[in-house]
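> Only the shape, not the letters, is given here:
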């Protein structure tokens, strides 16, 4: 899963990217997209690893892309190259400047930047939708497709993002290949000054983010860079001084993970404790395929222990002894935190 970090010049998105990934992409870099993989913090994996003491502990991972600031960097419109770079992402994170930057003219205007980015995405999507609708009408295409594109055209003309259109009203199977920006999940991150590192989003900005069907959070990229440079045992005191419970980047990564509608199931044992990401609503057979294609092909059953049940009894043996082990078939919908053992035969 790829999440693209985008933002106007001076927003600090590259600092956020570098802090998350441990890379060192130059600020103001204007080349190709840079990719970095980060692990998703999960206290449950920490706990299970402490219990099983495996040889390896593997967290779920996500890929973040630093999309060069060429796109709309001066709020004059998205370049064709910038558009394509953004469209290649599965979800977007818009970093807004909320701090004074001597290199830039004027005070920070996160609300204005959000509106500028939203307007550019709407216009870019509308151009695609109108072209396809015109062709579909000339070709007398399937009525369902024409209806879908008419609905999208109306939505965009009303300056609303497509992500707000419910699944039961818009067949998104018809949208494959179009990479419409306003249908992408969106996380809006307000990058604040160090003095405001623990401050929440303002009411007006929070309300507008919700209206756009997006998620929002605030952080201070400069503070996060300082935290990342500290030894782990030094971080709690530093966080406490700033009024923070944990590094904002941990919350950032979890929020992005949820934005993609992902959950984690676990496999446990002496060799490995591991989190496996799957789309919410995935069945047991599909989840088995995340581990290995043979498990999906030869699936027989899944032995399931919800994480809370495991913690209540303290071991797999105790769960079995108390009759709490669930034996499920291929259509069982995997829940977040399920511990799975897949039985298969190939």
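Good, I have the coordinates. All of these numbers come straight from a predicted model, not from anything done at the bench.

> For stretch 237-247, give the distance from the opening residue to the closing one.
End-to-end distance of stretch 237-247 (Cα to Cα, to the nearest Å): 12 Å.

> pLDDT on it, on average?
Per-region confidence: stretch 237-247 scores 85 on mean pLDDT.

> do stretch 154-169 as well
So the average pLDDT for stretch 154-169 ends up being 96.

> what does it contact?
Contact with stretch 154-169 is made by 118-119, 121-122, 125-126, 129, 151-152, 170, 180, 182-186, 212-214, as judged by Cβ atoms under 8 Å, 6 or more residues apart in numbering. Heads up, the C-betas are built off the backbone N, CA and C, glycines and all.

> What's the PyMOL line that selects buried ones from those?
A single PyMOL command selects the buried members of the contacts of stretch 154-169 (16 or more other Cβ atoms under 10 Å):
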select buried, resi 118+121+122+125+126+129+151+152+170+180+182+183+184+185+186+212+213+214
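
> Cross-reference the contacts of stretch 154-169 with the strands and report the matches.
Judged by DSSP state E, the contacts of stretch 154-169 include residue 186 as members of strands.

> Inside helices: which ones of the contacts of stretch 154-169?
Within these, residues falling in helices by DSSP state H are 118, 119, 121, 122, 125, 126, 129, 151, 152.

> tell me the contacts of the fifth one?
Remark: with contacts taken as Cβ under 8 Å, 6+ apart, residue 125 is in contact with 152, 156, 162, 180, 181, 182, 183.

> for those, which one is nearest residue 295?
Taking Cβ to Cβ as the measure, residue 183 is the one of the contacts of residue 125 closest to residue 295, at 32.4 Å.

> Can you show me the helices along this protein?
Under DSSP H, the chain gives helices at 13-21, 43-52, 80-87, 110-138, 143-157, 203-211, 221-229, 235-242, 248-259, 284-291, 293-297, 307-313, 316-321.

> looking at those helices, which is closest to residue 329?
Taking Cβ to Cβ, helix 284-291 is the member of the helices of the chain nearest to residue 329, at 7.0 Å.

> what comes into contact with that closest one?
265, 267, 276-278, 295-296, 299, 302, 304, 328-334, 340, 342, 344.

> got it, and stretch 254-266?
For stretch 254-266, contacts defined as Cβ under 8 Å, 6+ apart pick out 1, 3, 40-42, 44-45, 48, 60, 62, 64, 90-91, 93, 185-187, 215, 217, 273-280, 287, 307, 334-340.

> Name only those of those that count as buried.
Taking 16+ other Cβ under 10 Å as the criterion, what is buried in those is 1, 3, 40-42, 44-45, 48, 60, 62, 64, 90-91, 93, 185-187, 215, 217, 273-278, 287, 307, 334, 337-340.

> follow-up on the earlier one: quick check: ChimeraX command selecting the buried ones in the contacts of helix 284-291.
Applying 16+ other Cβ under 10 Å to the contacts of helix 284-291 leaves a buried subset, and the ChimeraX line that selects it is:
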select :265,267,276,277,278,295,296,299,302,304,328,332,334,340,342,344
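
> Could you list the single helix or strand in this protein with the lowest mean pLDDT?
helix 80-87 (a mean of 78; mean pLDDT, DSSP states H and E).

> how close does the residue sitting nearest the centre point of the chain get to residue 233?
Nearest to the mean C-alpha position of the chain, counting by Cα atoms, centre = their mean, stands residue 256 at 2.7 Å. Relative to residue 233, residue 256 is positioned 27 Å away (Cβ to Cβ, to the nearest Å).

> Check residue 158 too.
Per Cβ to Cβ, residue 158 is found 53 Å from residue 233.

> Next: residue 224.
Distance, residue 224 to residue 233, using Cβ to Cβ: 18 Å.

> Not counting its neighbours along the chain, what's nearest residue 89?
Among residues not flanking residue 89 along the chain, residue 4 sits closest, at 3.2 Å (Cβ to Cβ, 6 or more residues apart in numbering).
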